[in-house]
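Q: Return a 3D structure for these sequence lines:
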Amino acid sequence: MSDDTVNIGLIGFGTIGSGVVEIFNKNTPIIEGKVKRKVNLKKIVDLDITTDRGVYVNPNILSTDVKDILDDPEIDIVIELIGGYQPALSFIMEAINKGKHVVTANKALLAKHWEEIIENAQKNQVRICFEASVGGGIPILKPLNESLAANNIQSIYGIINGTANYILTKMAEEYRDFEEVLKEAQLKGYAEQDPTFDIEGHDTAQKLIILTILGFGVYIYQEKFHVEGISRLTLEDIEFAKQELNCSIKLLAISRISNKELEVRVHPTLVSKDHLLSSVNDVFNGIYIEGDVVGPLMMYGQGAGMMPTASAVVGDCIDIIEDMDKNVTYGPEKSNFTKIKDINEIKTKYYIRLTVIDKPGVLHEISGILSDSDISLESVNQKIRGENRVIPIFMVTHKSLERNLREAVAKIDELDFVKDKTVFIRLL
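A: Numbering: from 1, shown residues only. I've put the predicted structure just below:
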C-alpha cells in the first residue's frame with residue numbers, strides 16, 4: 001500500500017474484466033467512501049490491449065506483460081480473471097508469494113487446486129477472495145462462511161448453472177426439444193459452442209465443491225462424487241413431471257448430511273412446485289440452504305453476466321481493503337465427516353422412463369425385476385398406442401436404494417422388448 005492508496009492490478013480484460021473497469025470508472029467515489037482510502041486501478045494486463053471493450057480506460061495503464069503487476073511492489077490486490085488452470089495458477093501463486101491479496105472468479109482452478117492455494121495464502125498471510133466463483137452476483141460464499149457460522153449446515157441445494165436452467169425452463173414452458181433450445185441458447189450467448197461443460201454438470205460440480213468446503217468444511221475432488229447432466233432428458237420427461245407429478249426438472253447441486261455422512265452429487269432432479277427452487281427459471285440461479293438454527297433460506301439472482309459477476313469481484317476488493325490488517329483467509333475447519341456417501345448408497349424416490357414394445361407381459365416382467373430388487377412402485381403410467389408399437393412407460397418408485405435400482409435397470413435394459421436405455425431421475 002502506497003501511503004493511504006490501495007493499488008489494484010487486473011489480469012484479464014475480457015467480459016468480466018471490462019465490467020470491473022466500468023464499476024471503478026463509475027463508482028470509485030462510493031468505494032472510497034466505504035473503505036476510507038484512495039483506490040487506484042493501477043494496471044490492466046491482457047494479451048489483447050487494442051480491441052475496444054466499450055469502456056473508457058487510460059491507455060497508459062494497459063500492458064501485455066503480467067510482470068508489470070506481479071513485480072510491482074505498490075500493487076496490493078491482484079484480480080485474476082483469465083480463467084482456466086494455467087497460467088492462472090502460476091499468476092495467483094506468484095502474487096501470493098509476493099504478499100499480494102488475490103481476488104478471482106476462477107471456480108475451476110479453486111475446485112482443483114484449493115488446498116495448495118489456501119495453504120499458500122495462509123502461509124503468506126494474505127487474503128484470497130472468490131465470491132464471484134459461485135452464483136455470479138449472488139452473495140452466497142461470504143454469508144455461508146461468516147453470517148451463518150453459528151449454524152450446523154444441514155443441506156445445500158443449488159441451481160447454479162444458467163445454461164442448463166435456461167434449457168430446462170424453455171423445454172417446460174414452450175414444449176420445445178433439447179436440441180432446439182440448446183441452439184437458441186448458443187445464439188443468445190447463454191451457451192458455448194461446445195456446451196458439454198455446462199449441460200453435463202461439470203460447471204455445477206466445480207461450484208458445488210466450493211459450497212461444500214464452506215458449508216461443511218470438506219474438500220472433495222470432483223472425481224469422487226456423482227456428476228450427471230441433462231442431455232438425455234426429453235420432452236416426455238419434462239411433460240410427465242409437470243402434468244402428472246406437479247414437478248419441474250432442475251439440474252441440482254446437492255450437498256447434505258445423511259445419517260452422519262455427507263452426500264455430494266450433481267444430477268437432474270424432480271423438484272416439487274411447492275419448493276422454492278422450482279420457481280428459479282431461465283438463466284437465474286438459486287441456492288437453498290438449511291441450517292440447524294436459521295432454518296431454510298434461499299439466495300436468488302443472476303448467476304453470470306458481465307456486471308453481476310463484476311459486482312462480486314469488486315465487492316471482494318472492498319472486503320479485502322476494509323480488513324487488510326486482519327489477514328483472514330478462507331479455509332475449511334476440521335470436519336466431523338469421515339465418509340462421503342457413495343451414490344449407490346443413497347435412498348430416494350425415482351422417476352423411471354422405459355421405452356418398450358407394447359405387447360402382453362411387458363409390464364409384468366419389468367415389475368417382477370423391480371420387485372426382486374426390493375423396489376416398490378408408487379405409480380405406473382403406460383401410454384397405449386397399439387400392439388407392437390414402441391411406447392414409453394413412466395413409473396415412480398417409493399424410496400429405494402440406488403444400488404438396487406441400478407441393478408434392476410441393467411437387467412431391464414437387457415430385455416429384447418426394451419428399445420432404448422432406461423432413464424431414471426431422482427426426486428428431491
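
Q: Nearest spatial neighbour of residue 311, chain-adjacent residues omitted?
A: Sequence neighbours aside, residue 137 is the residue nearest to residue 311 in space, at 4.9 Å (criterion: C-beta to C-beta, 6 or more residues apart in numbering). In this view, the C-beta of every residue, glycine as well, is placed from N, C-alpha and C.

Q: Could you say which helix or strand holds the one you found?
A: Under DSSP states H and E, no helix or strand contains residue 137.

Q: Check the burial of it by counting its neighbours.
A: 21 (other C-beta atoms under 10 Å).

Q: residues contacting it?
A: By C-beta atoms under 8 Å, 6 or more residues apart in numbering, the residues touching residue 137 are 301-303, 305, 307-309, 311-312.

Q: low-scoring pLDDT stretches of this structure, where are they?
A: Counting by pLDDT under 70, the chain has low-confidence residues at 1-3, 325-338, 384-388.

Q: and the gap between the closest residue to residue 305 other than its chain neighbours and residue 174?
A: Nearest residue to residue 305, sequence neighbours excluded (C-beta to C-beta, 6+ apart): residue 136, at 6.3 Å. Residue 136 sits 25 Å away from residue 174, going by C-beta to C-beta, to the nearest Å.

Q: Which one's more surrounded, those two?
A: Shown here are residue 136 and residue 174; by other C-beta under 10 Å, residue 136 has more neighbours (27 against 10).

Q: pretty sure the more buried one contacts residue 300?
A: No - taking contacts as C-beta atoms under 8 Å, residue 136 lies outside contact range of residue 300: 11.5 Å.

Q: re earlier: which of the contacts of residue 137 are buried?
A: Among these, the ones that count as buried by 16 or more other C-beta atoms under 10 Å are 301-303, 305, 307-309, 311-312.

Q: Show residues contacting the lengthiest helix in the chain.
A: Counting by DSSP state H, the longest helix found in the chain is helix 15-35. Applying C-beta under 8 Å, 6+ apart, the external contacts of helix 15-35 come out as 6, 10, 13, 38-39, 41, 44, 46, 53-57, 79, 81, 105, 132, 306-307, 309-311, 313-314, 317-318, 321-322.

Q: what's the following helix or strand after it?
A: strand 38-45.

Q: how much space between residue 319 and residue 313?
A: For residue 319 relative to residue 313 (C-beta to C-beta), the value is 11 Å.

Q: Mind checking which of these two has more residues around it?
A: residue 313 (26 against 18).

Q: between the helix or strand containing that one and helix 15-35, how many degrees?
A: If you go by DSSP H and E, residue 313 is part of helix 306-322. Using axes from the mean of the first three to the mean of the last three C-alpha atoms, to 10 degrees, the direction of helix 306-322 lies 40 degrees away from that of helix 15-35.

Q: now the angle from helix 306-322 to strand 38-45?
A: 120 degrees.

Q: what comes into contact with helix 306-322?
A: Outside helix 306-322, the residues that touch it by C-beta under 8 Å, 6+ apart are 6, 8, 15-20, 22-24, 27, 31, 34-35, 37, 39, 77, 79, 81, 101, 103, 105, 127, 129-132, 136-139, 142, 301-302.

Q: now stretch 345-352
A: By C-beta under 8 Å, 6+ apart, stretch 345-352 touches 237, 240-241, 245, 258, 263, 265, 270, 378, 394-403, 405, 409, 422-427.

Q: So which residues of the stretch 251-400 of the chain form helices?
A: For the stretch 251-400 of the chain, the helices defined by DSSP state H, counting those that start in this stretch cover 306-322, 362-372.

Q: Now distance to residue 122 too, for those, in CSV please.
A: Shown next, in CSV, are the helices of the stretch 251-400 of the chain (distance: least, C-beta to C-beta, whole Å):
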stretch, distance to residue 122
helix 306-322, 15
helix 362-372, 52
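
Q: Quickly compare these and say which is most buried.
A: helix 306-322 (a mean of 21; mean count of other C-beta atoms under 10 Å).

Q: CA atoms only for that helix, dumped as CSV, please.
A: Output in CSV follows, covering the C-alpha atoms of helix 306-322 (Å, rounded to 0.1, in the frame of the first residue of the first chain):
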residue,chain,number,x,y,z
MET,A,306,-20.6,-9.1,-17.0
MET,A,307,-22.0,-6.7,-14.4
PRO,A,308,-23.4,-9.1,-11.8
THR,A,309,-20.1,-11.0,-11.7
ALA,A,310,-18.0,-7.9,-11.8
SER,A,311,-20.1,-6.6,-8.8
ALA,A,312,-19.0,-9.6,-6.8
VAL,A,313,-15.3,-9.1,-7.8
VAL,A,314,-15.2,-5.5,-6.8
GLY,A,315,-17.1,-6.4,-3.6
ASP,A,316,-14.3,-8.8,-2.7
CYS,A,317,-11.8,-6.0,-3.3
ILE,A,318,-13.7,-3.8,-0.9
ASP,A,319,-13.8,-6.6,1.7
ILE,A,320,-10.0,-7.0,1.5
ILE,A,321,-9.4,-3.3,1.8
GLU,A,322,-11.6,-3.0,4.8
